[in-house]
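**Q** how would this look folded up:
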Amino acid sequence: MRGLIFGLTLLTSVASAQSVTLTCEPKAASVELGGRVEVTLVLTNTGDASLELPILEDDRRLCSLDLQLDDGPTVVWEKIRGELRNDGFLALKDDFPKVTLKPGESTSAVMAFPALAVGTYTITGHYGRNRDWSEVPGFAAEPPPPLAPVSAQADPVKVTVTPDAEGNDALAVRIVTTHGPMRAELFTDGPTLGTALHFADLIQYGAYKQGVFSPNFYDGLIFHRAMPGFMIQGGDPKRDGSGGPGYMIPAEIPDPLPEGLTHTQGTLSMARSGHPDSAGSQFYVTVADRKDLDGRYTAFGRLTHGLDVAVTISQVERVEQGPKNEKSRPVEPVVMDSVRLVPFKK
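**A** Coordinates of the predicted model:
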């Protein structure tokens, strides 16, 4: 499945006091580890007049999901369509196609995320979510107007992720580079689950690279930045630190920060621009303890094997790059030949 699936369906639902209702319908009540959890959001016009609405796109101000794995914290599965302006504010995408719904008609979209860890997901769908933008960095001065004239929240649904046929109950990430393999476990039981899911989604499903949809998104990308005693950074389809998958994701930095999310040696964390919510596909791996990064970047995993590979990459011969002439670009490209999710037993 590539992207969202749209369609118009005539429903025979009972009219409500609201002008629209939203339902969230799971494709299956249970999914095996390594599969995909899919839900269909159905927005129905239950009023007496036609409505012109933006389509059900996976955008922060249109369609998003609240996710809770077992009794863990609730995180948000959402994508931010837009770009970072020079003044540090996010310029959000506003020109989404629209659909006209007559009374009783509906429009639908499928949203999906990786079945990354065993447990029960409680999923709540939203359309046209109206946020308190004063609490969102970069929007205190000029909160964006709502995209949709209406908003709706679906009743929660549950989907259970079960162990695979071999009894594995979690997925790790294996990164095979030109300097050797690394393996990392992702944080799925804490407040950065959303980031871990987005990272896994790029591996499992893919995204657009330079205008072309690419499954196994990270395959063939490079570590374009290497700094001894600090970190290695990669995941940019433009290979120069300026690219991403075509969307951004929200920062997940709780305050106070749990000890397990500190930037110890071997931490996987999302790279970003100046705005906290500007991460996309670029990530870095620390090769030393860097507590100075705590509270500024979203840590979502940690190496369990191959730390020596990360250290070796950080020490390769480098040349200057960027406006600050930072000596961090490897002379010989350090390629991610293969990045995959691999099952294991916790």
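
**Q** just the element for the residue lying closest to residue 126 once chain neighbours are set aside, please.
**A** Using CB to CB, 6 or more residues apart in numbering and skipping residues adjacent in sequence, the residue nearest residue 126 is residue 64, 5.0 Å away. Every residue, glycine included, has its C-beta placed from N, CA and C. In this assignment (DSSP states H and E), residue 64 forms part of strand 63-69.

**Q** ok, residue 158 next?
**A** Counting by DSSP H and E, residue 158 is found in strand 157-162.

**Q** render the CA-only coordinates of that strand in PDB, please.
**A** What follows is strand 157-162 as a C-alpha-only set of coordinates in PDB (Å, rounded to 0.1, in the frame of the first residue of the first chain):
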ATOM      1  CA  VAL A 157     -10.200   0.800  19.000                       C
ATOM      2  CA  LYS A 158      -7.700  -1.900  20.000                       C
ATOM      3  CA  VAL A 159      -5.300  -4.000  17.900                       C
ATOM      4  CA  THR A 160      -3.100  -6.700  19.400                       C
ATOM      5  CA  VAL A 161       0.300  -7.400  18.000                       C
ATOM      6  CA  THR A 162       1.200 -11.100  18.600                       C
END
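
**Q** most remote residue from this structure's center?
**A** Distance from the C-alpha centroid of the chain peaks at residue 48, with 37.4 Å (CA atoms, centre = their mean).

**Q** wasn't that residue part of a strand?
**A** No. With DSSP: H, G, I helix; E, B strand; the rest coil as the criterion, residue 48 is coil rather than part of a strand.

**Q** hmm, residue 104 and it touching each other?
**A** No. Under the criterion of CB atoms under 8 Å, residue 48 makes no contact with residue 104, lying 9.9 Å away.

**Q** re earlier: quick check: buried residues in the helix or strand just after the strand holding residue 158?
**A** Where DSSP H and E defines the elements, the next helix or strand beyond strand 157-162 is strand 170-177. Under the neighbour-count criterion of 16 or more other CB atoms under 10 Å, strand 170-177 has 170-177 buried.

**Q** isn't residue 233 up against residue 239?
**A** No. Using CB under 8 Å, residue 233 is not in contact with residue 239, being 11.5 Å away.

**Q** where does the prediction get shaky in this protein?
**A** In the predicted model of the chain, residues 1-18, 86-89, 131-143 satisfy pLDDT under 70.

**Q** for it, which segments count as helices?
**A** Chain-ordered helices for the chain, with DSSP state H as the definition, fall at 193-204, 307-314.

**Q** which of the ones you listed is buried the deepest?
**A** Highest mean neighbour count of those: helix 193-204, a mean of 24 (counted as mean count of other CB atoms under 10 Å).

**Q** packing partners of that one?
**A** strand 63-69, strand 74-77, strand 105-114, strand 170-177, strand 180-186, strand 267-270, strand 299-305, strand 336-344 (3 or more CB pairs under 8 Å, 6 or more residues apart in numbering; DSSP states H and E).

**Q** between residue 233 and residue 239, which one's more packed in?
**A** Using other CB atoms under 10 Å, the more surrounded residue of residue 233 and residue 239 is residue 233, with 21 against 15.

**Q** the nearest residue to residue 268 once chain neighbours are set aside and residue 321, how far apart?
**A** Distances taken as CB to CB, 6+ apart place residue 301 nearest to residue 268, at 3.8 Å, with adjacent residues excluded. Counting by CB to CB, to the nearest Å, the gap from residue 301 to residue 321 is 26 Å.

**Q** look at these two and report which has more neighbours.
**A** residue 301 (23 against 16).

**Q** the more buried one and residue 186 touch, don't they?
**A** Yes. Residue 301 lies in contact with residue 186 (CB under 8 Å); the separation is 4.3 Å.

**Q** which neighbours do these two share?
**A** Common neighbours of residue 301 and residue 186, using CB atoms under 8 Å, 6 or more residues apart in numbering, are 173, 196, 199, 268.

**Q** so how far is residue 294 from the closest residue to the second one other than its chain neighbours?
**A** Nearest non-adjacent residue to residue 196, counting by CB to CB, 6+ apart: residue 186, 4.0 Å away. Relative to residue 294, residue 186 is positioned 18 Å away (criterion: CB to CB).

**Q** spatially nearest residue to the residue nearest the centre of the chain (excluding sequence neighbours)?
**A** Nearest to the geometric centre of the chain sits residue 198, at 2.9 Å (CA atoms, centre = their mean). Distance criterion CB to CB, 6+ apart; nearest residue to residue 198, sequence neighbours excluded, is residue 249 at 5.0 Å.
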